[in-house]
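# Curious how this folds, go ahead:
(chains A and B)
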2 protein chains.
Amino acid sequence: MNAGDGPQSYIRNSSYQGGTVDVVKPIIQDIIATKLDVVLTNPNVPICIADFGCSTGGNSLPTMQTITQAIKQKLESSSSPTPEFFVFFNDIVANDFNTLFGSLPPDRPYHAVGVPGDFHGRLLPRSSLHFAHSSWSLHWLTQVPRAVTDRDSPAWNGCRVLYTNERKEVHDAYLDQYTRDIERFLGARAVEMVPGGLMALVVSGVAESWNPETEHSVLTNHDVLESCFIDMARMGALSEAKLETFNFPFYYATPQQMKDILESNQSFSIERLEILNNPGIHTILDPAARAAAAKVVSGRLVTDHFGSETITDELYELYAKKLAATPVFKNTDNDKSLVILAVLERKTDY
Amino acid sequence: MNAGDGPQSYIRNSSYQGGTVDVVKPIIQDIIATKLDVVLTNPNVPICIADFGCSTGGNSLPTMQTITQAIKQKLESSSSPTPEFFVFFNDIVANDFNTLFGSLPPDRPYHAVGVPGDFHGRLLPRSSLHFAHSSWSLHWLTQVPRAVTDRDSPAWNGCRVLYTNERKEVHDAYLDQYTRDIERFLGARAVEMVPGGLMALVVSGVAESWNPETEHSVLTNHDVLESCFIDMARMGALSEAKLETFNFPFYYATPQQMKDILESNQSFSIERLEILNNPGIHTILDPAARAAAAKVVSGRLVTDHFGSETITDELYELYAKKLAATPVFKNTDNDKSLVILAVLERKTDY
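Numbering: from 1, shown residues only, chains lettered A, B, ... in the order given. As a prediction, this is how the structure comes out:
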């Protein structure tokens, strides 16, 4: 995610993602009130909460506030003494933690800690975590599936920039990587969470029925973005050889795929699994804003791969123009993006 | 401390401070081997280490490596199972944690966590910390003593920039603030440390015999620096009214003062208290390097107070010139700076 708080920063271009903060709030309040009884057990143990993929905090800080307040209310209504609260803010090492730390409210009801590192591995002490949260992060893969960049593989995806539903080998390579990544995430959290602890995952997904030919999804229409890469390669504005090995490392699960992955996990039980209303879907109908939001999220990958910020700038300018000229975006009914909410409980039987 | 890793960064201008890293290393190894038996008690509890005032990590990372390795060796030689290791890197919110996190060795034998905040207050979970370290940080005061900037106080220090030994009211106001700050630091750590846990403090101090008229101390000769402020005020290059309210917020304790403060604390026992050999004292004899090192540490305070980076640049340029013209600096015997090492143990009787 882009650093800082300038016009190209994630914090100023994440209203789409931020739309779910208010939608998730009452659900978090409800599950804490009705289920998170483990916080009542030992007032000498600090209550630990973690956000995996916190970025610079714009959407993370209100949610961490919601979680701490809800737990405090639960403790008060049961007349339990209130332990200390610690919130662990996690993101990759390259995240702009300086901006995050500078945004922490001085009167916050918790101690704040930053945890740099890949959340697919272990980050926190064993059996320490009471509530885990991750929002708009799990669609990022740890890597582009290898087969996709291997010329000799049937899953080779040269000159495409993402999987499509039509090419089964490519799609399956992506889904396989996604499944393994989510499993690693859950495996690490299973060690870190206390039995009875809860996890709320807000995951960017796509409808089962998505037809990439006539509908769009998740901030971008990848067909349109892909056509921009190809146009630029034809114009000589970027290297076709480099384009052959470029793929975006994210995957958008359908609700059924997510259900299958979560159900097969032995450490967590599914408490809730639903499709969220995402008010953010209506906030960036403007093609320029849509392209800007996409650039903030994925522009860095383009710059790193093609080695030039000019290429990235040109690409997303062209993308904005093409979006404006594509009638499919005029109707939000054509947006088949969806947001999956999963609430999991760390099982006690281990 | 200045951010990043450029020519004006702390990481490139802290060789003076870094000189003690190697001197402290065998002492840390020894106290861990002979005293830190609390790490052997429960393999299910993670070993927690913290560095208070880590800056961007240049001197902190090698010391954290020393501490973790020494504890691991102790566990191995007693055939104890090795728990997980967590290192908490603390500094103020404005610290450049991004550079620190980017400098963490990927193959480090511990999980790393960043803790933004004032170390004079609580930062970490209760009874969690096995080894606390702080180096070159405790001379920073939480504030300039109020009386010093109060025109109506006998301790008013207008147009001086630091205490001197001759003006007892000013000096006592500084020492009083220092004492209260160290007590708050120890009070917070007393809650966070496990009984039997160890703390190593490397503190910038000054010899009992220091005569500020004829000798210098701790990177700077404050008389010389002060004369630069006054020269610039006379030339109209900075505001005399602003100079009246400017004082540097640090204090250099003598070994006896440090001993008195530590002995009066009820939660810790003193295991070692000694004056360290500081090889760094010989590394920046050059006046330009000495002025640069001072600027990196305190230049930001000047800029913030006088509201201009140009003033800061001019001030430290003048300082370098005056240092070069001051014979007292030609002889390191005139440097009455010293480095105090205190090793404390968290008492178990509470």
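# surely residue A:142 meets residue A:177?
Yes - using Cβ atoms under 8 Å, residue A:142 makes contact with residue A:177 at a distance of 7.4 Å. (Glycine included, C-beta is placed from N, CA and C.)
# between the two, which one's more packed in?
residue A:177 (21 against 15; other Cβ atoms under 10 Å in any protein chain shown).
# mind listing what the residue in the stretch 151-300 of chain A positioned nearest to chain B touches?
Ranking the residues of the stretch 151-300 of chain A by distance to chain B (Cβ to the nearest Cβ) places residue A:191 first, at 9.8 Å. Neighbouring residues of residue A:191 by Cβ atoms under 8 Å, 6 or more residues apart in numbering or on different chains: A:122, A:126-127.
# Which of these ranks first by neighbour count?
Highest neighbour count within the contacts of residue A:191: residue A:122, with 17 neighbours (other Cβ under 10 Å).
# What score does it have for pLDDT?
Note on residue A:122: pLDDT of 97.
# That one belongs to a strand, doesn't it?
No - assessed with DSSP: H, G, I helix; E, B strand; the rest coil, residue A:122 is coil; it does not lie in a strand.
# Quick check: chain neighbours aside, which residue is closest to it?
Among residues not flanking residue A:122 along the chain, residue A:188 sits closest, at 4.9 Å (Cβ to Cβ, 6 or more residues apart in numbering or on different chains).
# next one: residue A:174
residue A:163 (4.2 Å).
# same question, residue A:141
Excluding its sequence neighbours, the residue lying closest to residue A:141 (Cβ to Cβ, 6+ apart) is residue A:249, at 4.2 Å.
# next one: residue A:318
Residue A:318's closest residue in space is residue A:228 (Cβ to Cβ, 6+ apart), at 4.6 Å.
# For that neighbour, identify the helix or strand it belongs to.
Residue A:228 belongs to helix A:222-234 when assigned by DSSP states H and E.
# what sits up against that helix?
Residues contacting helix A:222-234 (Cβ under 8 Å, 6+ apart): A:159-162, A:164, A:212-213, A:216, A:238-240, A:243, A:246, A:248, A:294, A:311, A:314-315, A:318-319, A:322-323, A:326.
# just checking, which of those belong to helices?
A:240, A:243, A:294, A:311, A:314-315, A:318-319, A:322-323 (DSSP state H).
# Now do the strands in the stretch 201-350 of chain A.
Applying DSSP state E, counting those that start in this stretch to the stretch 201-350 of chain A gives strands spanning A:268-276, A:337-346.
# What pairs with the first one, parallel or antiparallel?
By that I understand strand A:268-276. strand A:337-346 (antiparallel) (DSSP bridges).
# Please tell me how far residue A:320 sits from chain B.
Counting by Cβ to the nearest Cβ, to the nearest Å, the separation of residue A:320 from chain B is 30 Å.
# mind listing what the nearest residue to that residue once chain neighbours are set aside touches?
In this structure, residue A:320 finds its nearest non-sequential neighbour in residue A:291, 3.7 Å apart by Cβ to Cβ, 6+ apart. Contact analysis of residue A:291 by Cβ under 8 Å, 6+ apart lists A:316-317, A:319-320, A:323.
# so which of these comes closest to chain B?
residue A:316 (25.0 Å).
# Let me see the confidence value for the closest one.
As predicted, residue A:316 sits at a pLDDT of 93.
# Double-check it against residue A:294; I have them as touching.
Yes - counting by Cβ under 8 Å, residue A:294 is a contact partner of residue A:316 at 6.8 Å.
# Tell me where the model's unsure across the stretch 51-200 of chain A.
Across the stretch 51-200 of chain A, nothing is flagged by pLDDT under 70.
# Tell me where it has helices.
For the stretch 51-200 of chain A, the helices defined by DSSP state H, counting those that start in this stretch occupy A:60-77, A:97-103, A:168-192.
# Would you mind naming what in chain A lies close to chain B?
Within chain A, the positions near chain B by Cβ under 8 Å from any Cβ of the partner chain are A:44, A:46, A:84, A:86, A:88, A:93-94, A:96-98, A:101-102, A:104, A:111-117, A:122-126.
# List buried residues within those residues.
Buried by 16 or more other Cβ atoms under 10 Å in any protein chain shown: A:46, A:84, A:86, A:88, A:96-98, A:101, A:104, A:111-117, A:122-125, out of those.
# so how many other residues sit close to residue A:21?
Residue A:21 has 20 nearby residues by other Cβ under 10 Å.
# So which elements touch the helix or strand containing it?
Applying DSSP H and E as the criterion places residue A:21 in helix A:15-35. Applying 3 or more Cβ pairs under 8 Å, 6 or more residues apart in numbering or on different chains; DSSP states H and E, we find helix A:15-35 packed against helix A:60-77, strand A:129-135, strand A:193-206, strand A:268-276, strand A:337-346.
# Which one of the contacts of residue A:191 is nearest to residue B:255?
Using Cβ to Cβ, residue A:126 is the member of the contacts of residue A:191 that lies nearest residue B:255, at 42.0 Å.
# Contact partners for that closest one?
Contacts of residue A:126 (Cβ under 8 Å, 6+ apart): A:191-192, B:44, B:46, B:84.
# go again using 7 Å as the cut-off
By Cβ atoms under 7 Å, 6 or more residues apart in numbering or on different chains, residue A:126 lies in contact with A:191-192, B:46, B:84.
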